[in-house]
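Chemist: Following is a predicted model, sequence given first.
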Amino acid sequence: MAYDRRRRSHNQRLEELPDDDAFVEAVKVLYADLRRYGNGVRADDVAWKLGVTGANRLGNGAVKGTWSGRMSGSLRVSPRLRSLVKQGRLRSFHDEHSRWRYYPAEGER
């Protein structure tokens, strides 16, 4: 059986992530709803707000029977959120369950 190149990059059809301003705006909008997000916004909330879909993972790697399927969109947005924290546009902290929570920086509110 010949190698099929089309299967190699099955995540090439993923849409590009929004720009930094869209991420900051999503955190601001979600954080404004203090009833639910009083202590910060999680990455999966931002992914939901922006409509980011997760990448696919094929379980045909080195370990037989590994999991395959759709991963969470938060795995795609987390690096961008951490970058925005380093730039000073967002602030972050760990909650009691060791999850990152984000909120707008003073200049972004």
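Modeler: That came through fine.
Chemist: Now residue 98: phi and psi?
Modeler: With angles defined as degrees, to the nearest 10, residue 98 sits at phi 60, psi 40.
Chemist: I meant residue 17, not that one.
Modeler: Dihedral angles for residue 17 - degrees, to the nearest 10 - are phi -70, psi 150.
Chemist: Could you report the neighbour count for it?
Modeler: Using other Cβ atoms under 10 Å, residue 17 has 16 other residues around it. Just so you know, the C-beta spots here come from the backbone N, C-alpha and C atoms, and that holds for glycine as well.
Chemist: mind checking the SS state of the residue most central in space within the chain?
Modeler: Centrality entry for the chain: nearest residue to the mean C-alpha point is residue 77, 2.3 Å, by Cα atoms, centre = their mean. The three-state label given to residue 77 by DSSP: H, G, I helix; E, B strand; the rest coil is helix.
Chemist: Contacts only, for it.
Modeler: Residue 77 is in contact with 17, 23, 43, 46, 47, 50, 52, counting by Cβ atoms under 8 Å, 6 or more residues apart in numbering.
Chemist: The fifth one and residue 55: what is the separation?
Modeler: What that stands for is residue 47. 12 Å (Cβ to Cβ, to the nearest Å).
Chemist: Can you pull the residues that touch both of those two?
Modeler: Residues touching both residue 47 and residue 55 (Cβ under 8 Å, 6+ apart): residue 76.
Chemist: neighbour count winner among the two?
Modeler: Taking other Cβ under 10 Å, residue 47 and residue 55 do not tie; residue 47 has more neighbours (22 against 13).
Chemist: Can you say which helix or strand has the more buried one in it?
Modeler: helix 43-50 (DSSP states H and E).
Chemist: which strands and helices sit next to that helix?
Modeler: Applying 3 or more Cβ pairs under 8 Å, 6 or more residues apart in numbering; DSSP states H and E, one finds that helix 43-50 contacts helix 20-32, helix 74-87, strand 100-104.
Chemist: Now the element after the second one, going C-ward?
Modeler: Taking DSSP H and E as the definition, the helix or strand that follows helix 74-87 towards the C-terminus is strand 90-94.
Chemist: would you put the C-alpha positions of that next one in CSV?
Modeler: The C-alpha trace of strand 90-94 is given here as CSV (Å, rounded to 0.1, in the frame of the first residue of the first chain):
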residue,chain,number,x,y,z
LEU,A,90,-3.7,40.4,30.4
ARG,A,91,-3.1,39.2,33.9
SER,A,92,-3.3,35.7,35.2
PHE,A,93,-3.2,33.5,38.3
HIS,A,94,-3.8,29.9,39.4
